[in-house]
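Colleague: Sequence unavailable; structure follows:
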């Protein structure tokens, strides 16, 4: 009898381990920077627009967004909505100011089926003749849910939004968030691993800048490029390891750049002029 119990317990533990391993996993090397409303993943060539109150996760307030951790309710809703286990999580969390709601972003890169949203009964969201994304509204576990699926050429982007059913601000921000990212792939002309910008006349020059104030060799940082007045964000490059310089291509003109830590702290900044 004792031997039977041991066998049953062993099988139960193995099943639990296997089910745990089959859960949703994060796409590695994702970056969100306070003060810069963008999710970056340079390795996977993904850049998503977010909002300014999507700050880094704060354990004290339990607000903000994480690129490494899902909570229990996130996982339950993803399973109930039958989001593919092939999808990798990009970020998850809630804004640090009201209205509070939860968002989980995922990318489905492998075995994608561009027709699957239609087959699952999702509705197309269009502007004019242009399809922006597919969506489905539902209620589960006392939560009001909006699931958007944004088709890309080589992937589907999932945005799972949920809030309490008695919240006053119904589906706050989610349609705008989905619309922003349905076109962001065209607006962010970024070549990896270096940042490259398209010139209308095709004339670009390769330049190199030295990056001061580098700390530890394993510290990640972000170099962000703007126009000379710092009003227009042009692109970025994530730096790591012993890297203390950056090579990239830009058309002739005047520019500004900032080197920041992941918490948004500006470590150095300067201007740059590229002669014709």
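Modeller: Cool, got the structure. Keep in mind it's a predicted model, so treat the numbers as computed, not measured.
Colleague: Count the residues that sit near the closest residue to residue 67 other than its chain neighbours.
Modeller: Ranked by Cβ to Cβ, 6 or more residues apart in numbering and with sequence neighbours excluded, the top spatial neighbour of residue 67 is residue 30, at 4.0 Å. For every residue, glycine as well, the C-beta is placed using N, CA and C. Around residue 30 there are 23 other residues, counting by other Cβ atoms under 10 Å.
Colleague: Let me see the contact set for residue 30.
Modeller: Shown in contact with residue 30 (Cβ atoms under 8 Å, 6 or more residues apart in numbering): 39, 40, 41, 46, 67, 90, 91.
Colleague: Reformat these as JSON lines; add neighbour count and distance to residue 136.
Modeller: Shown next, in JSON lines, are the contacts of residue 30 (neighbours: other Cβ atoms under 10 Å; distance: Cβ to Cβ, whole Å):
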{"residue": "39", "neighbour count": "21", "distance to residue 136": "23"}
{"residue": "40", "neighbour count": "26", "distance to residue 136": "28"}
{"residue": "41", "neighbour count": "21", "distance to residue 136": "25"}
{"residue": "46", "neighbour count": "24", "distance to residue 136": "23"}
{"residue": "67", "neighbour count": "23", "distance to residue 136": "25"}
{"residue": "90", "neighbour count": "24", "distance to residue 136": "20"}
{"residue": "91", "neighbour count": "27", "distance to residue 136": "21"}
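Colleague: average pLDDT across stretch 173-186?
Modeller: For stretch 173-186, the mean per-residue pLDDT is 81.
Colleague: List the buried residues of it.
Modeller: Within stretch 173-186, the residues scored as buried using 16 or more other Cβ atoms under 10 Å are 173, 174, 175, 177, 178, 179, 180, 181, 182, 184, 185.
Colleague: immediately after the helix or strand the fifth one falls within, which helix or strand?
Modeller: Using DSSP states H and E, residue 178 sits in helix 174-187. Tracing the chain past helix 174-187, the next element assigned as helix or strand by DSSP H and E is strand 205-210.
Colleague: Quick one: list the elements packing against that next one.
Modeller: Applying 3 or more Cβ pairs under 8 Å, 6 or more residues apart in numbering; DSSP states H and E, one finds that strand 205-210 contacts strand 245-250, strand 266-274.
Colleague: could you dump those to TSV with mean neighbour count, mean pLDDT and distance to residue 257?
Modeller: As requested, the helices and strands packed on strand 205-210 are arranged in TSV below (neighbours: other Cβ atoms under 10 Å; pLDDT from 0 to 100; distance: least, Cβ to Cβ, whole Å):
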stretch	mean neighbour count	mean pLDDT	distance to residue 257
strand 245-250	16	79	9
strand 266-274	13	87	6
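Colleague: With residue 80 as the reference, name the closest of the ones you listed.
Modeller: Nearest of these to residue 80, taken as Cβ to Cβ: strand 266-274 at 42.5 Å.
Colleague: angle of that closest one against strand 205-210?
Modeller: Put simply, strand 266-274 runs at 150 degrees to strand 205-210, going by axes from the mean of the first three to the mean of the last three Cα atoms, to 10 degrees.
Colleague: ok, now which ones touch the residue nearest to the spatial centre of the chain?
Modeller: Of all residues in the chain, the one closest to the mean position by Cα atoms, centre = their mean is residue 39, 3.9 Å from it. By Cβ under 8 Å, 6+ apart, residue 39 lies in contact with 30, 31, 32, 46, 47, 48, 50, 67, 90, 91, 105.
Colleague: I figured the second one hits residue 66, correct?
Modeller: Yep, that's residue 31 we're talking about. No - assessed by Cβ atoms under 8 Å, residue 31 is found out of contact with residue 66, at 11.9 Å.
Colleague: that older thread, any idea what the residue lying closest to the residue nearest to the centre of the chain once chain neighbours are set aside is structurally, helix, strand or coil?
Modeller: Residue nearest to residue 39 in three dimensions, not counting chain neighbours: residue 48, with 4.3 Å by Cβ to Cβ, 6+ apart. Under DSSP: H, G, I helix; E, B strand; the rest coil, the three-state class of residue 48 is strand.
Colleague: what packs against the host helix or strand of residue 89?
Modeller: Here residue 89 sits within strand 88-94, counting by DSSP H and E. Identification of packing neighbours for strand 88-94 by 3+ Cβ pairs under 8 Å, 6+ apart yields strand 36-41, strand 64-66, strand 102-108.
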